[in-house]
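Trainee: Next input, structure requested:
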Amino acid sequence: MKIVILKYNAGNTQSVIFALQRVGIDAILSDEPEILATADKIIFPGVGEASTAMQYLKSKNLDKLIPNFSQPVLGICLGMQLLGEYSEENNTKALGIFPTKVKKFPLVEGFKVPHIGWNNIEISDNILLKGIENQAFVYYVHSYYMEKSEFTIATTDYILPFSAAIQKNNFFATQFHPEKSADVGEKILYNFLNEI
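Mentor: Numbering: from 1, shown residues only. Coordinates of the predicted model:
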């Protein structure tokens, strides 16, 4: 099985590579359209800033390629946010795969932004979340969130309820970091690699 991690000038690719190795997968890191097109599955991770990331994707014509992927895709953190229509982070037009907006957390007394650390997820029945207990804890690092929609498959409540995980056709994504979420995250990666 050929697993490709999308390279696009965003952090955390190394931790994703290590997490995949823990479940027995050696992935390829690439931004080459030919390699991405022949992947069995694609992981679209990211820690960084939306407009800079979109500029890189456009420079490689990946903004046109990604929406046409037919194989399973897993977006993580910024990778999830870029699958939406628009991000408030530097007024960024995103890939438009999900008809959703990404917004900055409002400042509320008693809550820190960015949202960093462990929080629980309320899950619905979805193959990506197979075997995960409702209210399981996952690890977050983010200042922006994707609004809830018909594509939301898990939610977390921090300041307000937001999409913790989403799915539309072959596109899956999590706002939290499976590669940093211990056994729960490992199970989600396993599900993506083996069940989807």
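Trainee: And the residue nearest the centre of this protein?
Mentor: In the chain, the C-alpha closest to the average C-alpha coordinate belongs to Ile76, at a distance of 2.0 Å (CA atoms, centre = their mean).
Trainee: That one pairs with what?
Mentor: Assessed by DSSP bridges, Ile76 has beta-bridge partners Thr174.
Trainee: pretty sure it contacts Leu20?
Mentor: No: with contact defined as CB atoms under 8 Å, Ile76 does not reach Leu20; the gap is 11.7 Å. From N, CA and C alone the C-beta is placed, and that goes for glycine too.
Trainee: what residues do these two have in common as contacts?
Mentor: Between them, Ile76 and Leu20 share these contacting residues under CB atoms under 8 Å, 6 or more residues apart in numbering: Ile43.
Trainee: Strands of this structure, start to end?
Mentor: Assigned strands in the chain, in chain order: 3-6, 28-30, 41-44, 73-76, 86-87, 92-93, 101-104, 115-120, 122-123, 137-142, 144-146, 152-158, 160-168, 171-174 (criterion: DSSP state E).
Trainee: Give me the helices and strands touching the first one, please.
Mentor: Using 3 or more CB pairs under 8 Å, 6 or more residues apart in numbering; DSSP states H and E, the elements in contact with strand 3-6 are helix 13-22, strand 28-30, helix 33-37, strand 41-44.
Trainee: what's the neighbour count on Phe192?
Mentor: Close neighbours of Phe192, defined as other CB atoms under 10 Å, add up to 22.
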